[in-house]
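> Take this sequence and fold it.
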Amino acid sequence: MEELLKLGAAELARCIRSRQISPVDVVEAHIQRIEQVNPPINAVIVPLFEQARQEAQEAADWLDDGHHDLPPLFGVPVTIKDSFAVVGAPHVSGSWYRRDVIATEEAEAVHRLRAAGAILLGKTNVPDLCWLGETTNPVYGRTRNPWNLRHMVGGSSGGEGAIIAAGGSPLGLGSDLAGSLRIPAAACGITSLKPTGGRVPLDGHIPQTPAAIARWNTAGPMARRIEDLALALEVLSDTPVQDYRQIDLHGRRVTVYIRNPLYPVAGEVADTVSMAAGALRTIGMEVVDSPKPPMIKAGFQFAAGLYTSGAVAYYRQALGGEQPFRFTEELQANLQRRGHISPEVLFFHAYTGMMGSLLSMMGYGRLENIEQTREQFLKVMQPGGVLLCPILLSPPPRHGWTWKLPFSTPYTIMFNVLEFPAVSVPLRWSSKNLPLVVQVVAAPGEDEVALAVAAELERVFGGWRMAEDVGSSGA
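Residues are numbered from 1 along each chain as shown. Now for the predicted structure:
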């Protein structure tokens with residue numbers, strides 16, 4: 001059954017629908033893989049295996065009864081980020097104060113996946129209330145990268161990234177406020193789609209965000225293949241989805257952005273983006289590297305907007321169990337190994353508050369000015385065009401990346417504040433066998449254009465491959 005672990009969700013759905021494979025075999029193969037790889041990486045923290053086996057048998061019986069009108073994800077196993085509510089399952093979202101919470105209602109995105117025939121394998125790890133670019137929390141601990149256990153998986157959808165990379169799940173549901181789909185995709189070498197702001201509902205997700213910036217945070221799929229993302233978008237989207245395979249890319253502009261003067265990228269990352277640009281040029285796209293969009297300005301607006309919108313204050317209260325935590329007291333508790341908030345999250349919160357306050361005083365916190373920045377980006381990209389850029393500034397770093405965050409901010413936050421869709425696609429692996437992933441960004445509402453461009457890159461470079469020898473490197 002090992003070959004089933006290398007098929008994407010869309011291909012699995014086709015094979016199940018045509019009776020080439022049984023949903024029982026598909027689900028069992030993925031459960032066995034999770035049981036094999038999860039001890040070293042700690043990605044799936046709430047297994048739902050018995051329920052999944054029962055649903056897979058029911059799906060097989062349905063096929064045996066001769067039914068042919070099947071929903072798009074019929075029999076396909078999926079995993080769910082723990083920030084989403086799944087009825088009857090723990091809904092901790094990495095918070096010590098939510099460690100005993102059991103969901104009584106279902107998140108809308110989860111409901112849509114179930115209605116499309118998907119079978120839930122389990123829930124995956126996140127940092128404290130998803131408030132970090134690494135995945136560790138005081139309830140379930142740290143998630144490790146299947147390519148090398150000493151390296152981070154990113155966050156906050158890090159459990160999803162790790163288990164998909166390791167072959168334990170063909171499709172996952174994550175969320176993204178500041179890169180939480182794309183950073184794990186880049187760290188683990190998988191695909192992801194951060195949809196246009198507001199296109200996929202976030203009901204039933206913990207945490208929520210203040211109304212003024214609610215569209216910055218969005219649910220989205222993570223997967224093995226680009227076609228899997230497109231299939232998931234059809235299921236999850238509030239608006240009709242265009243067939244990305246029918247989009248003509250010839251003559252469309254690709255604006256390449258590699259070198260940010262504040263945050264320089266490593267040579268292997270820059271080379272990977274350049275290789276992607278070259279591949280897109282060969283299929284007739286217009287590849288340019290100037291004029292450049294105001295990336296730094298958009299990043300500053302994001303950081304300041306978190307502060308002025310009340311999001312930083314909201315997280316301080318939520319992290320403290322609905323009582324604003326005291327930084328010095330929690331820091332002291334961590335030093336005594338009795339803290340209720342991860343030290344990395346404490347640092348990130350303090351850094352975010354400091355930068356947000358400073359940038360707000362400099363005038364970047366006026367949310368009404370974001371539209372002007374959006375128009376500047378769109379003018380550079382031109383109608384129907386895309387932006388091609390890195391996600392991480394280097395190959396996936398070791399655990400502890402949070403402490404270096406002020407000097408290695410990823411190329412993600414600007415597309416949340418602008419509400420642009422962004423697709424992550426793995427291109428190759430580094431000299432140390434760590435994934436190198438690029439990001440394709442499109443205009444709002446043009447998620448399918450980003451998918452079409454990413455699909456071309458996947459075709460040329462091969463895309464996702466499974467981390468097979470999990471635990472053999474970096475233990």
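> roughly how far apart are the residue nearest to residue 225 when sequence neighbours are not counted and residue 222?
Among residues not flanking residue 225 along the chain, residue 8 sits closest, at 3.5 Å (Cβ to Cβ, 6 or more residues apart in numbering). Using the backbone N, CA and C atoms, a C-beta is placed for each residue, glycine as well. For residue 8, the distance to residue 222 (Cβ to Cβ, to the nearest Å) stands at 12 Å.
> For stretch 145-152, buried residues please.
Judged by neighbour count using 16 or more other Cβ atoms under 10 Å, the buried positions of stretch 145-152 are 145-149, 151-152.
> I'd like those as a markdown table, with secondary structure and pLDDT appended.
Shown next, in a markdown table, are the buried residues of stretch 145-152 (DSSP: H, G, I helix; E, B strand; the rest coil; pLDDT from 0 to 100):
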| residue | secondary structure | pLDDT |
| --- | --- | --- |
| 145 | strand | 98 |
| 146 | coil | 98 |
| 147 | coil | 98 |
| 148 | strand | 98 |
| 149 | coil | 98 |
| 151 | strand | 98 |
| 152 | coil | 98 |
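> Check the residues you listed and tell me the two furthest apart.
146 and 152 (11.8 Å; Cβ to Cβ).
> Residue 76: which of the buried residues of stretch 145-152 is nearest?
Here the nearest of these to residue 76, counting by Cβ to Cβ, is residue 146; it sits at 21.2 Å.
> Surely the closest one and residue 162 touch.
Yes. Residue 146 lies in contact with residue 162 (Cβ atoms under 8 Å); the separation is 5.7 Å.
> Overlap of the contact sets of the two?
41, 188 (Cβ atoms under 8 Å, 6 or more residues apart in numbering).
> The lowest-mean-pLDDT helix or strand in the chain - contacts with which helices or strands?
When each helix and strand of the chain is scored by mean pLDDT, DSSP states H and E, helix 327-335 comes last, with a mean of 94. With contacts taken as 3 or more Cβ pairs under 8 Å, 6 or more residues apart in numbering; DSSP states H and E, helix 327-335 sits against helix 343-361.
> Just want the angle from the helix it packs on to helix 327-335.
Here helix 343-361 runs at an angle of 160 degrees relative to helix 327-335 (axes from the mean of the first three to the mean of the last three Cα atoms, to 10 degrees).
> Now do the closest residue to residue 123 other than its chain neighbours, the pLDDT please.
Among residues not flanking residue 123 along the chain, residue 46 sits closest, at 3.9 Å (Cβ to Cβ, 6+ apart). If you check residue 46, the pLDDT there is 98.
> Report the secondary structure state of residue 46.
What DSSP: H, G, I helix; E, B strand; the rest coil gives for residue 46 is strand.
> Quick check: it vs residue 102, distance?
Residue 46 sits at a distance of 10 Å from residue 102 (criterion: Cβ to Cβ).
> One more: residue 459?
44 Å.
> cool, and residue 372?
Residue 372 is 46 Å from residue 102, by Cβ to Cβ.
> same question, residue 310
For residue 310 relative to residue 102 (Cβ to Cβ), the value is 29 Å.
> Next secondary structure after the strand or helix carrying residue 184?
Assigned by DSSP states H and E, residue 184 falls within helix 182-188. For helix 182-188, the following helix or strand on the C-terminal side (DSSP H and E) is strand 191-194.
> Counting by contacts, list what that following strand packs against.
Packing partners of strand 191-194 (3+ Cβ pairs under 8 Å, 6+ apart): helix 182-188, strand 218-223, helix 226-236, strand 422-429, helix 447-461.
> send the alpha carbons of that strand over as CSV?
The C-alpha trace of strand 191-194 is given here as CSV (Å, rounded to 0.1, in the frame of the first residue of the first chain):
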residue,chain,number,x,y,z
THR,A,191,2.1,22.9,-1.5
SER,A,192,-0.4,25.4,0.1
LEU,A,193,-2.9,28.0,-1.0
LYS,A,194,-3.5,31.1,1.1
